[in-house]
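Have a look; sequence and predicted model below, questions after that.
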Amino acid sequence: MTKTILTFCAVALLIACNKTEGPGGTSSITGFVKSQDHQSAQVEISEVLFTQGLSVEHGDYWVLNNPIGVEQFYIYYENPTWPSDADPNLAGRTGIAVEFNYSDSNVEMAINTQEEIEAIASDHFTLTRNVDIVTITNKATGETANADKVTSPFEISTTQSGKNTTIQPSQPAIDEKVYLVYGENDVFGELERTGGNGEYIFNTLTQGNYTVYCVSKDTISGGSTTITQSIEITSNKTVVTASEISILN
């Protein structure tokens, strides 16, 4: 029994002596973290609340927009009992005609409009309807002028504005979490937070290989990812400066 205990202690001591990463040493790792605010591009989403045909005039129209450089549209209403042309012929835009009668209900107006837009512009918009409200989602992302009712009696609102991707200038990341990993086995070691200039430091480290990382926004998945830097401490009583870490928020 005594021999077994002594053998176990000897093995444990040997393992402890071979450890070359982790706390308890005399060296440090320092570095800086910078961050940028990132806004992903998004599509425009509009809602149109339709009224009954009795409130619509022959020639009434409203405009539906895309980002600059993409085809623009206008939707106009023509009553077959009127001999005059209802098309306002807006330059630089594609017209979508919707035939209506004064006896049409607000739901019929919504259905007819949805069908005509889908017939002409399904490559540009996705439409859904809830009774007399049609939701129009642009397929192209980017800065987009809001849809406008112009002469029509319909209520048009923007529920999401189309935006371009924007990245603000880089600046020191303050109070950002920085993680330290020991060795090559991804064993989490310590956590520090950056100071007022984005600086961090891990102290009491021995010789060995380390990884520091921060969590950053993933612009592709919309989730998060890690930005890492690998560092090696080759001697005692040294301060090793890691490469700067840049993250997106």
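Sure thing, it's come through.

gap between the biggest strand by length in the chain and the chain center?
In the chain, with assignment by DSSP state E, the single longest strand is strand 23-36. In terms of C-alpha atoms, centre = their mean, to the nearest Å, the centre of strand 23-36 is found 30 Å from the chain centre.

Domain boundaries for this protein, per the record?
The chain breaks down into these domains under automatic domain parsing: 20-39+168-248, 43-164.

Where among those is average confidence lowest?
Across those, domain 20-39+168-248 has the smallest mean pLDDT, namely a mean of 91.

Any idea how far it is from the middle of the chain?
25 Å.

cool, and stretch 121-135?
Distance, stretch centre to chain centre, for stretch 121-135: 23 Å (C-alpha atoms, centre = their mean).

Check which residues of that stretch are buried.
Of the residues in stretch 121-135, A121, H124, F125, L127, R129, D132, I133, V134, T135 count as buried by neighbour count, 16 or more other C-beta atoms under 10 Å. Where you see a C-beta, it was placed from the backbone N, CA and C, and this is true even at glycine.

again, but for stretch 152-163
S152, P153, F154, I156, G162, K163.

Quick one: end-to-end distance for it.
End-to-end distance for stretch 152-163: 26 Å, by C-alpha to C-alpha, to the nearest Å.

Next: stretch 131-148.
End-to-end for stretch 131-148, by C-alpha to C-alpha: 21 Å.

mind listing what's buried in that stretch?
Judged by neighbour count using 16+ other C-beta under 10 Å, the buried positions of stretch 131-148 are D132, I133, V134, T135, I136, N138, A140, T141, G142, T144, A145, A147.
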